[in-house]
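In: 3D model of this:
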Amino acid sequence: MNRCNVPVAPQSFKHLLHACATLRSLDFGKLVHKLLGEYPPPFLVNLLLQMYCDCGSIWDARKLFDEMGERNLGSWVIIISAYANEGLLESALQLYLEIQDSNLEATPSIYISLLKSFSDISYLEIGKQMHCQVIKAGFTNNVAIDTSICNMYAKCGHLESAERSFDLMHEKNTVSWTTMMVGCTQADKHEDALRYFSKMVNENVDLDDFVFSIILKACAALDDRKTGNQVHGLIVKLGLESEVSVGTPLVDFYVKCGDVESASRAFERISEPNDVSWSAILCGYSQIGEFEKCAKVFKSLRSEGAVLNKFIYTSIFQACSAVADINFGAQTHGDAIKKGLISCLYGESAMITMYAKCGRLDYAYRVFESIDKPDTVAWTAMIAGCAYHGNASEALTLFRKMKASCVRMNAVTFVAVLTACSHAGLVEEAKNCLESMSSEHGVEPSIDHYDCMIDIYSRAGLLNEALDFINSMPFEPDAMSWKSLLGGCSIHRNYELGKVAAEKLLQLDPKDTAAYILMFNLHELSGKWDEAASVRKLMTERDLKKEIGCSWITVKSKVHQFVVGDRHHPQTQDIYSKLQELRFSDAYRENAILSEDDVSNVLAERKGQLLVHSERLAIAFGLISTGAGTPIVVFKNLRACKDCHDFGKHVSLVMGRTIVVRDSSRFHHFKSGECSCGDYW
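Out: Residues are numbered from 1 along each chain as shown. Prediction:
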């Protein structure tokens, strides 16, 4: 029409401006403004103003507003609301004050826009003043304004005032009730949120998807399965279970309550799950250790071109971290970079942990150094990575840098630092760290920190100090407290004290298989053969079975798994030939120690079993499958035994190869007959 010089009616311009606002098409909106000329019809001026605001161009909107020859109340409402919605409250309030100084009167819409923008305690006083203005203007019977007042008080952390305002409301709608529920959950008053929900149901208030989202969050925070199940029943009754906006919070509720089976069933009933739904269920799979399923679902989503989000990628990084899958983890990292879906700090911290646990501490450092301002989680992940690799000095250096950067430390940070000290025998450094927690950093030590300290004393052979520490703790010792002491007694052959620790441990956890192994070793090393035999008999009577020892190695992007005595690998003959060729003597010695791999074996069989522990098979396979000079990286689900640890040192010396073994405790880097742990693990 424009090119053909066909006159455009004012009503058509109205529709054009609506279209520009809906499509956020600022350039076309400016063209329409130009076509309207210098003096557009008055009824179109406010539409122009609204179009600029909807397109996010506050500057153009304010320019037009200042040039308007005649402004009506609608013009003020539009520009004030735009400033408020953009968080530019000083400008919005300045315009509001100009209205107060004029002959105009503020409308309910202006108050609603301003009140809903007061989002923290710093706005409480001005919010109270505006509440007074609302009362003076006689708008208190307006349900939208009354709800905005409740919302303002709740967001500003003054829940009592929100409740008083809510109780005085003549009319309440779904939004009003939901506002109070949100305020309660934000103030960690989840029981009050349940109370409001119960009243809503009893008063037959319409329930929408947002109501269910809030109440399920409250149930999850309280771990209230009973109420959550009742809410689920109500959702089914209302026929909302298949709606993604309701089904997704339901999945999230069950995941947070640790019931992934129910979460999976709820997920399957969602007709069209979105990225948030998938993220919730993937988090659930990761939480219960279904890491392979997690990866399988992710691969399927990616191949189908489904919409993914940053939380999904973070879950996959965590899954790769747990199974030490460096190949898939690196591929996922690259994919996330291409899509721009690496969550700042959380996703980056998950990658630091992933690379560290996959044996690539250098990659973990590169991710850490790429973060502009690392937060507590990122610093902690890097410190924990160094501790995991036995690099205590670097962990402590990072700890000092974190302190210098004025980043707040949390309880997990100190667990990481104490773990680093434990793996290196740094007793004094650990004591100083524990003492500084409360006094310097405002973090109260928990039983976990005290257990770390017990472990440090015990590993260092300071067993009496460890016992004194247990007796002086402000907490009742738990199973880990006594297990740490028992482990130290086993290492340093203190039979009498070890017997006390074992009795205490089995009182707290009579089914802890590791405790029996430590007891057996202690008896056996002290020459108490009858007692050692009784421990084995007791294990058999109680049908105690430990997780089967499993080791795996990745060669040419393929994962090869081995269990103790494994003869199923296609290259079994070559593997065992290589083991024989290494000539590492494993004759049963007087001081042989039972390992977790040997739980199901009788002592007479141990001599033959030592040769075929899973990590040895994996190392032998690595030797015949990789070129000279290539490091061999093996992962194991259980703690390495002393004999296999000696085997790793032997292989690194005679073969001139770097051997890296990650067991359930830490990384061991074997090179030239020495281990990075200094035989201290």
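In: okay, CA-based contacts and neighbour counts for the rest of this
Out: Will do.
In: which residues in the stretch 501-650 of the chain form strands?
Out: 550-555, 558-563, 632-636 (DSSP state E, counting those that start in this stretch).
In: could you do the chain as well?
Out: Applying DSSP state E to the chain gives strands spanning 550-555, 558-563, 632-636, 659-662, 667-671, 674-675.
In: neighbouring strands of the fifth one in the sheet, and parallel or not?
Out: Here strand 667-671 has these sheet partners by DSSP bridges: strand 659-662 (antiparallel), strand 674-675 (antiparallel).
In: likewise for the third one?
Out: Here the strand partners of strand 632-636, with direction, are listed using DSSP bridges: strand 550-555 (antiparallel), strand 659-662 (parallel).
In: what sits up against that strand?
Out: For strand 632-636, the external contacting residues (Cα atoms under 8 Å, 6 or more residues apart in numbering) are 324, 359, 549-554, 614-615, 618-619, 622-623, 626, 657-664.
In: which members of these are classed as buried?
Out: The neighbour count (16 or more other Cα atoms under 10 Å) marks 324, 359, 549-554, 614-615, 618-619, 622-623, 657-663 as buried among the contacts of strand 632-636.
In: right, so of the strands paired with strand 667-671, which gets closest to Ser119?
Out: Across the strands paired with strand 667-671, Ser119 has its closest neighbour in strand 659-662 (48.3 Å, Cα to Cα).
In: from the strands of the stretch 501-650 of the chain, which stretch is densest packed?
Out: strand 632-636 (a mean of 25; mean count of other Cα atoms under 10 Å).
In: tell me the average confidence for that strand?
Out: Averaging pLDDT along strand 632-636 gives 91.
In: now do stretch 420-438
Out: Stretch 420-438 comes out at a mean pLDDT of 90.
In: which outside residues touch that stretch?
Out: For stretch 420-438, using Cα under 8 Å, 6+ apart, the contacting residues are 384, 386-388, 390-392, 395-396, 414, 417-418, 443-445, 449, 452-453, 455-457, 459-460, 677, 680-681.
In: what do you get if the cut-off is 7 Å, keeping everything else the same?
Out: 387, 390, 392, 395, 418, 443-445, 455-457, 460, 680-681 (Cα atoms under 7 Å, 6 or more residues apart in numbering).
In: what of stretch 156-173?
Out: 119-121, 123-124, 141, 143, 146, 150, 153-154, 183.
In: measure it end to end?
Out: Criterion Cα to Cα, to the nearest Å; first-to-last residue distance in stretch 156-173 is 22 Å.
In: for the residue lying closest to Ser277 once chain neighbours are set aside, the count of nearby residues, please.
Out: Nearest residue to Ser277, sequence neighbours excluded (Cα to Cα, 6 or more residues apart in numbering): Thr248, at 5.0 Å. Neighbours of Thr248 under the rule other Cα atoms under 10 Å: 26.
In: so how far is Phe635 from Thr248?
Out: From Thr248 over to Phe635 (counting by Cα to Cα), the distance is 36 Å.
In: for Asp362, same thing?
Out: With Cα to Cα as the criterion, Asp362 and Phe635 are 18 Å apart.
In: the contacts of stretch 156-173 in helices, which ones?
Out: Taking DSSP state H as the definition of helices, the contacts of stretch 156-173 contribute 124, 143, 146, 150, 153-154, 183.
In: okay, those residues in TSV with distance to Ser438 and neighbour count next?
Out: Shown next, in TSV, are the ones in helices among the contacts of stretch 156-173 (distance: Cα to Cα, whole Å; neighbours: other Cα atoms under 10 Å):
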residue	distance to Ser438	neighbour count
Leu124	33	19
Val143	49	17
Asp146	45	25
Cys150	38	29
Tyr153	34	28
Ala154	32	28
Gly183	32	26
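In: farthest-apart pair in those residues, please.
Out: Checking those with Cα to Cα, the most distant pair is Leu124 and Val143, at 20.8 Å.
In: low pLDDT regions in the chain?
Out: 345, 546-547, 584-611, 680-681 (pLDDT under 70).
In: for Leu486, what are its contacts?
Out: Contacts of Leu486 by Cα under 7 Å, 6+ apart are 498, 501-502, 518.
In: if we use 8 Å, what do you get?
Out: With Cα under 8 Å, 6+ apart, Leu486 has these contacts: 498-499, 501-502, 515, 518-519.
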